[in-house]
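Asks: Need the 3D shape of this:
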Amino acid sequence: MGAEIKDAGAPPGGPFQNRRRWPRIALELAVRVKFASIAEAVESRTVDISRGGVFIQMREPRPMGTRVNIVMQVADGASLNLSGVVVRSVAMEDLSGPPGIAVVFTDLEEAAKKALDDLLARKLARSAR
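Replies: This is a model prediction of the structure:
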């Protein structure tokens, strides 16, 4: 599946229009989202990703402010560990898009930042072909 850059802003008048610092890339990857306890972990897929965050499909989205740890499956069976906070929750009955959570990354170590940058660069290079 090729990567596709999405507009860095929300639709005109949308609440996130001026908040995005990085363009989003449409990218479907397997993820495991961990909440306060391991028992609350959820297996899911990403919808899109940027240097600053990710949108993850989820049938029962968690509320804004929820802290999460994300284990993202990337190329060759490797995984990327990221932490963040839910900044938007889209319920099933919301017509603005698929149900799930928008997570802004927080407290990323340099190694995680580099791995994320490498992942995004590879996807952009593939989509440019």
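
Asks: Run the chain-centre distance for stretch 52-71.
Replies: For stretch 52-71, the separation from the chain centroid amounts to 8 Å (computed by CA atoms, centre = their mean, to the nearest Å).

Asks: From the opening residue of it to its closing one, how far?
Replies: This stretch, stretch 52-71, spans 16 Å end to end (CA to CA, to the nearest Å).

Asks: Over to stretch 34-53?
Replies: Separation of the first and last residues of stretch 34-53 by CA to CA is 16 Å.

Asks: Quick check: buried residues in it?
Replies: Within stretch 34-53, the residues scored as buried using 16 or more other CB atoms under 10 Å are 34, 42, 44, 46, 47, 48, 49, 50, 52, 53. Any C-beta I mention is one placed from the backbone N, CA and C, and that applies to glycine too.

Asks: any idea which element the spatially most central residue of the chain lies in?
Replies: The centroid of the chain falls nearest to residue 54 when counting by CA atoms, centre = their mean (1.4 Å). Using DSSP states H and E, residue 54 falls within strand 53-57.

Asks: That strand packs against which elements?
Replies: Under the contact definition 3 or more CB pairs under 8 Å, 6 or more residues apart in numbering; DSSP states H and E, strand 53-57 sits against strand 30-34, strand 42-49, strand 67-73, strand 79-90, strand 100-105.

Asks: Can I get those in JSON lines including distance to residue 126 and mean pLDDT?
Replies: Shown next, in JSON lines, are the helices and strands packed on strand 53-57 (distance: least, CB to CB, whole Å; pLDDT from 0 to 100):
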{"stretch": "strand 30-34", "distance to residue 126": "18", "mean pLDDT": "95"}
{"stretch": "strand 42-49", "distance to residue 126": "14", "mean pLDDT": "95"}
{"stretch": "strand 67-73", "distance to residue 126": "17", "mean pLDDT": "94"}
{"stretch": "strand 79-90", "distance to residue 126": "17", "mean pLDDT": "94"}
{"stretch": "strand 100-105", "distance to residue 126": "22", "mean pLDDT": "96"}
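
Asks: got a markdown table for those strands, with distance to residue 21 too?
Replies: As requested, these are exported to a markdown table (distance: least, CB to CB, whole Å):
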| stretch | distance to residue 21 |
| --- | --- |
| strand 30-34 | 22 |
| strand 42-49 | 14 |
| strand 67-73 | 19 |
| strand 79-90 | 13 |
| strand 100-105 | 10 |
